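A.B. asks: quick one: sequence plus predicted model below, questions after.
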Amino acid sequence: MTKLSVSVPELSRWRQAFLRSLRVERDYSPHTIRAYATDLRQFEEFWKERGQAVQWELSREVVRSYFGMLARNGLDSRSIARKIACLRSFLRFVVARGWANVNPLSTLPLPKSPKRLPRHLGLQTVLAALSLPDKRTPRGIRDSAILELFYGTGIRLSELAELRLENVDLRERQVRVLGKGGKERVVPMGSCAARALEEYLAVRSSLAANLPVASSHVFLGPKGRPLSRRTIERIVRKYLAQVDDSGAWFPHALRHSFATHLLDAGADLLAVKELLGHSSLSTTQIYTHVSTERLKQIYRQAHPRSRRRREDR
C-alpha cells in the first residue's frame, strides 16, 4: 500500500482548501464548518509536536495513537467517532484532489458509542411550558411563538433562528426551512403554532422599527436584530426550567418531544422522518425506542401478571 507522508504546512494548506470546499461547493452550515475546523486544527497541533517542516508518515497506527491520547484525556467515544469521521472525510477530499494516493482511515472502524435515547418531555410538561410566556408584552408574545413553533413543527434550533418572513405561510399553516446539508423542506404547523406566530407577527413591527435596515428574520430581539441561537436557547431554557427538573431545557428537547408524542399517538415512522428532515430512517427509529420504553412502563404498571411478579419478590 502507498504511504501518505505529510508535513504541518501541507496539512494546513489542505485544511483551508477543505473548509473552503465545504462552504462554497457543499454549502455546509457555518456551525458544521466550525466543528470541522476545530477538529482539524486540533489534529494539526498534534502533528506539530513531530516537527514543523518535516514530512511524517500519516498511518492508521499514528492516528490510533492520536485518538488514544484523546480518550486518555477524557474525550468520550461519541466525540472521538465524530473526529475520526471528520479526519476521514478530510483525507478523502485530499485524495480526490490528487494531493495524496491513499486514505489510511478509509477502513478504520468508528468506536461504538453507548446508545443514548433522546431526552424528551412529557405532554403535560410541554403544555405547562407553553402556557408560561406573558402575552401582555411583545417579548412574551414572541417567546410564546418560539415555544409553539419548536413543539408544533419539530424544527431544529438553526432552522428556527434562520427562518425568514417570506418562508412563513400562515394561510397554508406551513413554514419552509433550510435543514442540514442545505436541504430545504416544508413543515406543517398546527393551529396553536400558527395562531402564536400570527400574534407575534402582528407585534414584530414594533421590534423591527428599531433597526435602520429591516431584517427578514422572523424572530427579532428588543433592538430589532435577529435573535442569535444562544439567545433562543436561553429563552427556551427560561421556560422549561420552570416546569421540568430533568435538565432537558434545550430546544432539541422540544424536537424530541414533538417526534415522541407523534409516535406515541400512532404516527407513521416515515412521515415523522420527513417532518424532522432526517436523511436516514435509522435516525428517526431511535424515537421508537423511547415509545417502546413507554409501552413497557405501561405494561409493568398495568398488567396483573407483571404486578404479581413484583409483589412476589
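C.D. replies: That came in fine, so what should we check first?
A.B. asks: every contact and neighbour count from this point should use C-alpha atoms.
C.D. replies: OK.
A.B. asks: where in this structure is pLDDT low?
C.D. replies: 1-3, 51-54, 113-115, 208-213, 291-299, 306-313 (pLDDT under 70).
A.B. asks: contacts for the helix or strand hosting L160, please.
C.D. replies: L160 belongs to helix 157-161 when assigned by DSSP states H and E. Residues from elsewhere that reach helix 157-161, judged by Cα atoms under 8 Å, 6 or more residues apart in numbering: 150, 177-179, 217, 219, 226-229, 232, 251-252.
A.B. asks: export these to TSV and tack on distance to M189 and neighbour count?
C.D. replies: Below are the contacts of helix 157-161 laid out as TSV (distance: Cα to Cα, whole Å; neighbours: other Cα atoms under 10 Å):
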residue	distance to M189	neighbour count
F150	10	25
V177	12	23
L178	16	20
G179	16	19
H217	18	19
F219	17	28
P226	22	19
L227	21	19
S228	23	16
R229	21	16
I232	19	22
P251	17	25
H252	17	21
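A.B. asks: one step back: figure out how far the helix holding L160 is from the centre of its chain.
C.D. replies: When C-alpha coordinates are averaged (Cα atoms, centre = their mean, to the nearest Å), helix 157-161 and its chain have centres 10 Å apart.
A.B. asks: check which residues of that helix are buried.
C.D. replies: L157, S158, E159, L160, A161 (16 or more other Cα atoms under 10 Å).
A.B. asks: and stretch 258-272, by the same measure?
C.D. replies: Neighbour count says stretch 258-272 has F258, A259, T260, H261, L262, L263, L269, V272 buried, by 16+ other Cα under 10 Å.
A.B. asks: which one among the contacts of helix 157-161 gets closest to R142?
C.D. replies: Among those, F219 lies closest to R142 (Cα to Cα), at 7.3 Å.
A.B. asks: residue contacts, that closest one?
C.D. replies: Applying Cα under 8 Å, 6+ apart, the residues near F219 are R142, A161, L163, R204, P226, L227.
A.B. asks: tell me which residues are up against stretch 26-37.
C.D. replies: R15, L19, L22, R23, C86, K180, G181, G182.
A.B. asks: G68: how many residues sit nearby?
C.D. replies: For G68, the neighbour count with other Cα atoms under 10 Å is 14.
A.B. asks: and the helices in the chain?
C.D. replies: Along the chain, the stretches classed as helices by DSSP state H are 8-24, 30-48, 60-72, 77-96, 123-130, 138-153, 157-161, 191-208, 229-243, 251-264, 269-276, 281-302, 304-312.
A.B. asks: what's the first one packed up against?
C.D. replies: Of the remaining helices and strands, those touching helix 8-24 by 3 or more Cα pairs under 8 Å, 6 or more residues apart in numbering; DSSP states H and E are helix 30-48, helix 77-96.
A.B. asks: in that helix, what counts as buried?
C.D. replies: Going by neighbour count (16+ other Cα under 10 Å), the buried part of helix 8-24 is V8, L11, W14, R15, F18, L19, L22.
A.B. asks: so how far is S257 from the residue most central in space within the chain?
C.D. replies: With distances taken as Cα atoms, centre = their mean, R156 lies nearest the centre of the chain, 6.4 Å away. Separation of R156 from S257 (Cα to Cα, to the nearest Å): 12 Å.
A.B. asks: do the same with G190
C.D. replies: As defined by Cα to Cα, G190 lies at a distance of 15 Å from S257.
A.B. asks: which of the two has more neighbours?
C.D. replies: Comparing G190 with S257 by neighbour count (other Cα under 10 Å), the higher total belongs to S257, at 23 against 14.
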